[in-house]
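[1] Predicted structure and sequence below. I'll ask about it afterward.
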Amino acid sequence: MAAKRSSPKIERGLSDTSSQLFPSDERKQTKAGYHGHRARLRTRFLESGPDALAAYELLELLLFSALPRKNTKPIAKKLIEEFGSFAEVVAADKDKLLAVDGLGESAVASLKAGQAGATRLLRSSVTEKPVISSWQALIDYCTALMAFEETEQFRLLYFDKKNKLISDEAQQKGAIDHTRVYPRGSSNGPSP
């Protein structure tokens, strides 16, 4: 009687299982590289500042609390690849962010909170200083607010007599390349 030979499918299955039970040194090193990654990234950020991190690493930091048990590095890299830059990621539309595999509402909320924090920080730096003497601060504020919007906006910025920003209102939102403004009154001049 001839000995039965096991099928290649079964042999492959056994070798796959054994590699999972007894990982190679290469697999051990790869997993060990991720151990403590979040702590190392936080430490580098706190000790060296945000310039010590790549854009995707800063996104990772924002995603840590929203995705506590998920590897955020591939998600952050995918976001940069899809949207182009850190600023474009945090300014992206909520629905477009939700369409990215691996992101849920809590992760999108973390990213949008990062955008809101940056906008509020810029707004406070503009409102606490005379703006006319610092055009760059005003440009930075407007850029952070509108640069990555998908549609044009017509905004009114109100200043007091000391050139401090009192209010900022979006009056009209338009299309990709223009915004229509409808002033009140006739074409012959201002209305009484």
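    Right, received. Where do you want to start? Residues are numbered from 1 along each chain as shown.

[2] which SS state does the closest residue to residue 80 other than its chain neighbours fall under?
    Nearest residue to residue 80, sequence neighbours excluded (C-beta to C-beta, 6 or more residues apart in numbering): residue 56, at 5.0 Å. C-beta here means a position set from N, CA and C on the backbone, and glycine is covered the same way. When classified by DSSP: H, G, I helix; E, B strand; the rest coil, residue 56 comes out as helix.

[3] again, but for the one 10 residues further on
    Classification of residue 66 by three-state DSSP places it in coil.

[4] Correct me if wrong: it contacts residue 109.
    Yes. The pair residue 66 / residue 109 is scored as a contact, 7.0 Å apart, by C-beta atoms under 8 Å.

[5] So which of the two has more stuff around it?
    residue 66 (18 against 14; other C-beta atoms under 10 Å).

[6] ok so, going back, what about the residue nearest to residue 80, neighbour count?
    19.

[7] Read off the pLDDT value for it.
    We have a pLDDT of 94 for residue 56.

[8] for it, what are its contacts?
    73, 76-77, 79-80 (C-beta atoms under 8 Å, 6 or more residues apart in numbering).

[9] If you rank those by neighbours, which is first?
    residue 79 (28 neighbours).

[10] quick check, it in a helix?
    Yes. Membership of residue 79 in a helix is supported by three-state DSSP.

[11] How about it, nearest residue that isn't a chain neighbour?
    What sits nearest to residue 79 in space, not counting adjacent residues and going by C-beta to C-beta, 6+ apart, is residue 89, at 4.7 Å.

[12] show me where pLDDT drops low in this structure?
    Low-confidence segments of the chain, defined by pLDDT under 70: 1-34, 126-133, 185-192.

[13] quick one, helices of this protein?
    Ranges of helices in the chain, per DSSP state H, are 8-21, 25-34, 37-48, 55-64, 72-83, 86-91, 94-98, 105-127, 135-146.

[14] First-to-last residue distance for stretch 93-107?
    This stretch, stretch 93-107, spans 13 Å end to end (C-alpha to C-alpha, to the nearest Å).

[15] buried set for that stretch?
    For stretch 93-107, burial by neighbour count (16 or more other C-beta atoms under 10 Å) applies to 97, 100, 103, 107.

[16] out of those residues, who's nearest residue 162?
    Closest approach to residue 162 among the buried residues of stretch 93-107 (C-beta to C-beta): residue 97, at 39.2 Å.

[17] Would you check that that closest one makes contact with residue 103?
    Yes. In this structure, residue 97 is within contact of residue 103 by C-beta under 8 Å, at 5.7 Å.

[18] so what's in contact with the two at the same time?
    With C-beta under 8 Å, 6+ apart, residue 97 and residue 103 have common neighbours residue 79.

[19] Relative to residue 109, how far out is the closest residue to residue 92 other than its chain neighbours?
    Leaving aside its chain neighbours, residue 92 sits nearest to residue 83 (5.4 Å; criterion: C-beta to C-beta, 6+ apart). Separation of residue 83 from residue 109 (C-beta to C-beta, to the nearest Å): 17 Å.
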